[in-house]
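**Student:** Fold the stuff below for me.
(one chain, ligands or ions: 2)
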Amino acid sequence: MKIDPWSSTTYQDYTRLRDEFGIQKFSEDLWKGLPHPHRLLRRGIVFGHRDFELILDASTKKKPWAILTGLMPSGKMHLGHKMVIDEVIYYQSIGADIFIAVADIEAFATRGHTLGETKDLALSEYIPNYIALGLKPENCCIYFQSKNQDVKDMAYILGKKVNWSQLVATYGFNGSVNMAHIFSPLLQTGDILHVQLEKYGGVRPTLVPVGVDQDPHMRLSRDIAQAHRIYNVTVTKDNKIGVFVKVDKDVEKLLDNAEETLAQLDFTQLKRITDYKAIYINEAKKEDISKIDELLAKSEVKLGGYGFIQPSSTYHRFITGLTGEKMSSSKPESAIFLTDLPKVARKKIMNAKTGGAVTLKEQKKSGGKPDECMIYELFLYHLIEDDRELGNIYNSCKKGEQMCGNCKKHAADLMEKLLTDLHEKRKKANEKIKDYLR
Ligand code: TRP
Ligand code: SF4
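**Tutor:** Ligands and ions are numbered 1, 2, ... in the order given. Below is the predicted model of the structure:
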């Protein structure tokens, strides 16, 4: 199986995806350690991750870390688009540096939108909504791919460590794909890794919250990050922790540097074997790998390298459309747009697919199916913050105590509040946009 980031497929079987691509389960112990964990994290909507432990660790120890995400505007912003930004705003509240890429070059290369069209849509629709949703200008930078020279340089330079076969294996490209499209994964890698350049805050854990369709880009970015490292820290065959120098020049000097770095972490029982370009650390354990790697990464910058820490990622489920298919800008009845008038949203909600039974009598007897209900999904993803309140709706639906008509009204009322609030806040957003752009 291949994931195609540019197709409109939605991937339903999340467990299978996770297993097939080596994505880890986003388990309780990962979010429980965070301050006031966000509902999307608590409720299993964020279902998978790579290396989220690095983020948890940085957040717990109050060390710097960054969030980078990107958007490719396609029509009006709807509830599906709101999810990533909800996550980003939460991470901002717990101390992350925020970077948001407007993927105008990617939109041009893969969808044929001009840079001007993407710019207009980002400025009139997406960024005002981000601000209305609560994104703060402090430690936050929104930029356009086409205007960030460092990102473009990165994309070109990082391309040195990727070859055509790798792109074909990852994306299924063939000879008829245009070059700008072929280059776009490298640009996204530029987005993701540039935040670790000195100018943007330096080497630090970086989290990329995305939908699972973006995982190929994550795998590529992680491979490229690793390929640019001077050192590799791993568990050896005989279960020792070893630091290996990956380059052939100045090996002695690099081993000296590694020893000094390890001494800073109080590792002293070291066995150095220059022929293997290796240092084995007797007293280190598996759990120590990430902190050793992090300090070595930082030392690489002083040696003239990039020292990229492999970016972490989380993957969220997609919200289903109100009609039961994909939520999509091109099918207005499937989506609630953040600029919908409350009465328009109400009508869509009233027409939505529910998990109710065919007749009222039947529903009272056997209950409804909240797990298959678009209204319940609205509560779960967007409308109800309190877990207990949500649980009550779930249970009373299952028991047949709650009927769909009332339930839809409840959802429409909550949606009205949300939309009116956004409408009010958007009014003041325009004059603030400049505080976010870099
Ligand atoms: N490719 C993403 C999309 O289709 C947009 C994007 C560009 C992005 N750069 C990124 C996402 C960096 C995450 C990280 O929407
Ligand atoms: Fe969905 Fe509510 Fe109907 Fe249950 S009662 S199926 S949650 S609309």
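**Student:** What backbone torsions are found at the closest residue to ligand 2 within the stretch 151-300 of the chain?
**Tutor:** Across the stretch 151-300 of the chain, the shortest distance to ligand 2 (C-beta to the nearest ligand atom) belongs to G211, at 24.2 Å. C-betas here are computed from N, CA, C, even on glycine. As for G211, its main-chain torsions (degrees, to the nearest 10) stand at phi -80, psi 160.
**Student:** and the gap between the residue of the chain most remote from its centre and Q402?
**Tutor:** Residue farthest from the centre of the chain, counting by C-alpha atoms, centre = their mean, is K361 at 43.9 Å. K361 sits 15 Å away from Q402, taking C-beta to C-beta, to the nearest Å as the criterion.
**Student:** and if you look at E259?
**Tutor:** 66 Å.
**Student:** which one of the two has more residues nearby?
**Tutor:** For E259 versus Q402, neighbours defined as other C-beta atoms under 10 Å are more numerous around Q402 (22 against 16).
**Student:** give me phi/psi at the closest residue to that one other than its chain neighbours?
**Tutor:** Closest residue to Q402 apart from its sequence neighbours, by C-beta to C-beta, 6 or more residues apart in numbering: S396 at 4.2 Å. Backbone torsions for S396, taken as degrees, to the nearest 10, come to phi -70, psi -30.
**Student:** State the number of residues packed around S396.
**Tutor:** 16.
**Student:** Would the longest helix anywhere in the chain count as contacting ligand 2?
**Tutor:** The helix that spans the most residues within the chain, counting by DSSP state H, is helix 404-427. Yes - counting by C-beta under 6 Å from any ligand atom, ligand 2 has neighbours in helix 404-427: 404, 407-408.
**Student:** which residues touch whichever strand or helix holds I131?
**Tutor:** Assigned by DSSP states H and E, I131 belongs to helix 127-133. By C-beta atoms under 8 Å, 6 or more residues apart in numbering, the surrounding residues in contact with helix 127-133 are 77, 82, 85-86, 89, 100, 142, 338-339, 421-422, 425-426, 429-430, 432-433, 436.
**Student:** Take the residues you listed and keep only those in strands.
**Tutor:** Counting by DSSP state E, those place 100, 142 in strands.
**Student:** Just the buried residues out of the contacts of helix 127-133, in ChimeraX syntax.
**Tutor:** Only the buried members of the contacts of helix 127-133 end up in this ChimeraX selection, burial being decided by 16 or more other C-beta atoms under 10 Å:
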select :77,82,85,86,89,100,142,338,339,422,426,429,433,436
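**Student:** Off-centre distance for stretch 15-24?
**Tutor:** From the chain centre to the centre of stretch 15-24 is a distance of 16 Å (C-alpha atoms, centre = their mean, to the nearest Å).
**Student:** re earlier: tell me if I'm right that the residue of the stretch 151-300 of the chain closest to ligand 2 and Y315 touch.
**Tutor:** Yes - G211 lies in contact with Y315 (C-beta atoms under 8 Å); the separation is 6.7 Å.
**Student:** And the strands in this structure?
**Tutor:** 24-25, 46-50, 66-71, 97-102, 140-144, 206-211, 231-235, 241-245, 270-273, 278-281, 312-316.
**Student:** So which of these is nearest ligand 1?
**Tutor:** Nearest of the strands of the chain (C-beta to the nearest ligand atom): strand 66-71, 2.3 Å.
**Student:** hmm, that closest one in reach of ligand 1?
**Tutor:** Yes - Strand 66-71 comes into contact with ligand 1 (C-beta under 6 Å from any ligand atom), by way of 68-71.
**Student:** residues touching the residue positioned nearest the centre of the chain, list them.
**Tutor:** In the chain, the centroid-proximal residue (C-alpha atoms, centre = their mean) is P209; its distance is 1.0 Å. By C-beta under 8 Å, 6+ apart, the residues touching P209 are 46, 67, 69, 84, 87-88, 91, 313-314, 316.
**Student:** Also G134?
**Tutor:** So G134 contacts I89 (C-beta under 8 Å, 6+ apart).
**Student:** For the protein, what lies in contact range of ligand 2?
**Tutor:** So the chain meets ligand 2 at 354-356, 368-370, 373, 375-376, 397, 402-404, 407-408 (C-beta under 6 Å from any ligand atom).
**Student:** Just the ones of the residues you listed in helices?
**Tutor:** Per DSSP H, these map to helices at 375-376, 397, 404, 407-408.
**Student:** Report the two of these separated the most.
**Tutor:** C397 and K408 (12.0 Å; C-beta to C-beta).
**Student:** If you count surrounding residues, which of the two has more?
**Tutor:** Neighbours were counted for C397 and for K408 using other C-beta under 10 Å; C397 has more, 25 against 20.
**Student:** What separation is there between the more buried one and E416?
**Tutor:** Taken as C-beta to C-beta, the span from C397 to E416 is 21 Å.
**Student:** give the contact list for the residue of the stretch 201-350 of the chain found nearest ligand 2.
**Tutor:** The stretch 201-350 of the chain approaches ligand 2 most closely through I349 (9.5 Å), counting by C-beta to the nearest ligand atom. The neighbours of I349, taking C-beta under 8 Å, 6+ apart as the test, are 322, 336, 375, 378, 408, 411-412, 415.
**Student:** Can you lay out these as a markdown table showing pLDDT?
**Tutor:** What follows is the contacts of I349, written out as a markdown table (pLDDT from 0 to 100):
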| residue | pLDDT |
| --- | --- |
| L322 | 97 |
| I336 | 98 |
| I375 | 97 |
| L378 | 98 |
| K408 | 98 |
| A411 | 98 |
| A412 | 98 |
| M415 | 98 |
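**Student:** from the residues of the chain next to ligand 2, which is closest to K343?
**Tutor:** In terms of C-beta to C-beta, no member of the residues of the chain next to ligand 2 lies closer to K343 than K408, at 14.0 Å.
**Student:** so what's that closest one up against?
**Tutor:** 349-350, 352, 354, 375.
**Student:** and which of these is nearest to I279?
**Tutor:** I375 (58.7 Å).
**Student:** Which pLDDT value goes with the closest residue in space to K425 that isn't next to it in sequence?
**Tutor:** Once flanking residues are discounted, K425 sits nearest to A132: 3.7 Å by C-beta to C-beta, 6+ apart. Listed pLDDT for A132 reads 98.
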